[in-house]
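Peer 1: here is my input; please provide its structure:
(3 chains)
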Amino acid sequence: MSEKMTIILFSGEFDKALAAFTLATTAAASGMDVTIFFTFWGLNLLKKSEFSLSKTQLLMQKMLNFMNRGLPLSRLNMLGLGPWMMRKLMKKTKMASLEDLMKTARALKVKYIACTTSCGVMGLGREQLADTVDDFTGAATYLAIARDSKINLFI
Amino acid sequence: MSEKMTIILFSGEFDKALAAFTLATTAAASGMDVTIFFTFWGLNLLKKSEFSLSKTQLLMQKMLNFMNRGLPLSRLNMLGLGPWMMRKLMKKTKMASLEDLMKTARALKVKYIACTTSCGVMGLGREQLADTVDDFTGAATYLAIARDSKINLFI
Amino acid sequence: MSEKMTIILFSGEFDKALAAFTLATTAAASGMDVTIFFTFWGLNLLKKSEFSLSKTQLLMQKMLNFMNRGLPLSRLNMLGLGPWMMRKLMKKTKMASLEDLMKTARALKVKYIACTTSCGVMGLGREQLADTVDDFTGAATYLAIARDSKINLFI
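Peer 2: Next up, the predicted model:
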């Protein structure tokens, strides 16, 4: 059985997502079994569109999803200038983009789990999230996997 | 002997505290031995009152404790509107509140350790912190427990 | 063989760096093999000067390095007043300063690795970083060490 790495992706920040997917793809490429458990703002990485509104959402959930768009930087965000600069720099220095890393992650069978508790609070269902989500579960499933993982990170 | 999970709760943010206590209570409910090591802003979760001033505090410690109140969101805090909305949404979607999770954690014997180094800098003693604190110790104690833990997280 | 602890230091914040180096020095003092993998804003801890500009940097990298100076607090930064107060308080309460902790870390042979991917994006080379860096490598090297570590943290 392969060694496991499990990442809780709590943050919806561009730079932290880059770190998470760089680690996930590198680990998967070296033969590890990698799971990413997307929770809270981390679910932003899985939203189909930036808005992800649905008819069944409460008004407050609609407001939350309206405001909770995009992937800021955890530092020097400067109203969006920071992430734009970072993307430019990554292109100029020929680094893989976040979108490329996420495609590679799927190609290497990195498992995506969406946290049902967070989805419940934010009013997000299967329709609002990408088809790449393998599973919708809660903390108990995370713990069962993390228990057997050599590397556990909260990002 | 039960498997262990150890969480360093460094952050004093409402959303991260929710994640920490959801994981802690779920792990403890499934029979794991869970320890939370509260350090820096994480100590806010243990303060008896929001102010926690004491006569022996230095002026700067009083200022720090006066400013360092409440539990903001790590994102979309909007001067406190964010946490208020999140609490409303959690109630509407029938999720356990942070206070409920913390009560459950204690009922399930999740161990609380307060970091003495942080307490020293911030001028916090036993009188300022909740009676639920099991122990006041430093990094060495954390490491001794974390070494034998299946899951270690820094939140 | 000694037990290992491996820390990814992603954050360039003063308070989180304090936590990382307190853990690293305490672990190393108790005989553990400690590695810190500096990535993204965490590289700020290794910059020779606050500016770290070089002739080979792209204009945008110069801008990024110009803006990305100093070590703010993750909370209550207050345009730099927060870190200044924290440093004052640490001195008054006779805590080791961040600089002291970093010196101790080196004396106790804590290994420093700088992430080549982040260095590439930010335009940082050996000349811009402190001589204390043991190695310049990527995520694969981190994973090889972390796999055998008893404690893995992302800070």
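Peer 1: SS state for residue A:34?
Peer 2: Remark: residue A:34 carries the secondary structure label strand [criterion: DSSP: H, G, I helix; E, B strand; the rest coil].
Peer 1: ok, it - contacts?
Peer 2: For residue A:34, the contacting residues are A:4, A:5, A:6, A:7, A:24, A:27, A:28, A:105, A:108, A:110, A:111, taking Cβ atoms under 8 Å, 6 or more residues apart in numbering or on different chains as the criterion. (C-beta placed from N, C-alpha, C; glycine too.)
Peer 1: quick one, phi/psi of the third one?
Peer 2: By that I understand residue A:6. Geometry field for residue A:6 lists phi and psi as phi -130, psi 130, criterion degrees, to the nearest 10.
Peer 1: next secondary structure after the helix or strand of chain A with the lowest mean pLDDT?
Peer 2: Least confident helix or strand of chain A, by mean pLDDT, DSSP states H and E, is helix A:59-67 with a mean of 87. Scanning forward in sequence from helix A:59-67, with DSSP states H and E defining helices and strands, the next element found is helix A:81-92.
Peer 1: list the buried residues of that following helix.
Peer 2: By neighbour count with 16 or more other Cβ atoms under 10 Å in any protein chain shown, helix A:81-92 contains the buried residues A:82, A:83, A:85, A:86, A:87, A:89, A:90.
Peer 1: same deal with stretch A:96-103?
Peer 2: Within stretch A:96-103, the residues that qualify as buried by neighbour count (16+ other Cβ under 10 Å) are A:96, A:98, A:101, A:102.
Peer 1: let me know the closest of these to chain C.
Peer 2: Closest approach between those and chain C, by Cβ to the nearest Cβ: residue A:96, at 9.1 Å.
Peer 1: so where do the helices sit in chain A?
Peer 2: Secondary structure of chain A by DSSP state H: the helices cover A:14-29, A:59-67, A:81-92, A:98-107, A:116-122, A:139-146.
Peer 1: now do the contacts for the closest residue to residue A:36 other than its chain neighbours.
Peer 2: Of all residues not flanking residue A:36 in the chain, residue A:7 sits nearest, at 4.9 Å (Cβ to Cβ, 6 or more residues apart in numbering or on different chains). With contacts taken as Cβ under 8 Å, 6+ apart, residue A:7 has the following neighbours: A:20, A:23, A:24, A:34, A:35, A:36, A:37, A:152, A:153, A:154, A:155.
Peer 1: do you know how far residue A:75 is from chain C?
Peer 2: As judged by Cβ to the nearest Cβ, to the nearest Å, residue A:75 and chain C stand 5 Å apart.
Peer 1: just confirm yes or no for stretch A:13-33 near chain C.
Peer 2: Yes: if you take Cβ under 8 Å from any Cβ of the partner chain as the test, stretch A:13-33 does meet chain C, through A:15, A:16, A:18, A:19, A:22, A:23, A:26, A:27, A:30, A:32.
Peer 1: check what pLDDT the fourth one gets.
Peer 2: By that I understand residue A:19. At residue A:19 the predicted local confidence, pLDDT, stands at 98.
Peer 1: touching, it and residue C:39? I think so.
Peer 2: Yes: checked against Cβ atoms under 8 Å, the pair residue A:19 and residue C:39 is within contact range at 6.4 Å.
Peer 1: what touches both of the two?
Peer 2: Taking Cβ under 8 Å, 6+ apart as the contact definition, residue A:19 and residue C:39 share the neighbouring residues C:8, C:10.
Peer 1: so where's chain A shaky on pLDDT?
Peer 2: Where chain A drops to pLDDT under 70, the residues are A:50-52.
Peer 1: rerun that using 80 as the cut-off
Peer 2: Scanning chain A for pLDDT under 80 picks out A:1, A:49-53, A:55, A:79.
Peer 1: so which bits of it are right by chain B?
Peer 2: Within reach of chain B by Cβ under 8 Å from any Cβ, chain A has these residues: A:8, A:10-12, A:39-41, A:58, A:60-61, A:63-64, A:67-68, A:72, A:117, A:120-123, A:138-140, A:142-143, A:146-147, A:149, A:152-154.
Peer 1: just the buried residues of stretch A:128-139, please?
Peer 2: Applying a neighbour-count criterion of 16+ other Cβ under 10 Å, one finds A:128, A:129, A:133, A:137, A:138, A:139 buried in stretch A:128-139.
Peer 1: once you drop chain neighbours, what's closest to the second one?
Peer 2: Which is residue A:129. Counting by Cβ to Cβ, 6+ apart, the nearest residue to residue A:129 once its immediate chain neighbours are dropped is residue A:46, at 4.6 Å.
Peer 1: still on that earlier bit, highest neighbour count among the residues of stretch A:13-33 next to chain C?
Peer 2: For those, neighbours were counted by other Cβ atoms under 10 Å in any protein chain shown; the highest total belongs to residue A:27, with 28 neighbours.
Peer 1: show me what the least confident helix or strand of chain A is packed against.
Peer 2: For helix A:59-67, the elements it packs on are helix A:116-122, helix B:81-92, judged by 3 or more Cβ pairs under 8 Å, 6 or more residues apart in numbering or on different chains; DSSP states H and E.
Peer 1: who are the packing partners of the first one?
Peer 2: So that's helix A:116-122. Secondary-structure packing of helix A:116-122 (3+ Cβ pairs under 8 Å, 6+ apart): helix A:59-67, strand A:135-137, helix B:81-92.
Peer 1: before we move on, what about the longest one?
Peer 2: Using 3+ Cβ pairs under 8 Å, 6+ apart as the contact definition, the elements that helix B:81-92 packs against are helix A:59-67, helix A:116-122, helix B:14-29.
Peer 1: can you put these in a markdown table and add distance to residue A:77?
Peer 2: Formatted as a markdown table, the entries for the helices and strands packed on helix B:81-92 read as follows, by distance: least, Cβ to Cβ, whole Å:
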| stretch | distance to residue A:77 |
| --- | --- |
| helix A:59-67 | 15 |
| helix A:116-122 | 21 |
| helix B:14-29 | 18 |
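Peer 1: deepest of those helices, which one?
Peer 2: Mean neighbour count (mean count of other Cβ atoms under 10 Å in any protein chain shown) peaks for helix B:14-29 among those, with a mean of 24.
Peer 1: relative to chain C, how far out is residue A:141?
Peer 2: In this structure, residue A:141 and chain C are separated by 21 Å, where distance is defined by Cβ to the nearest Cβ.
Peer 1: hmm, residue A:117 and that residue touching each other?
Peer 2: No: applying Cβ under 8 Å as the test, residue A:141 and residue A:117 come out as separate, 11.3 Å apart.
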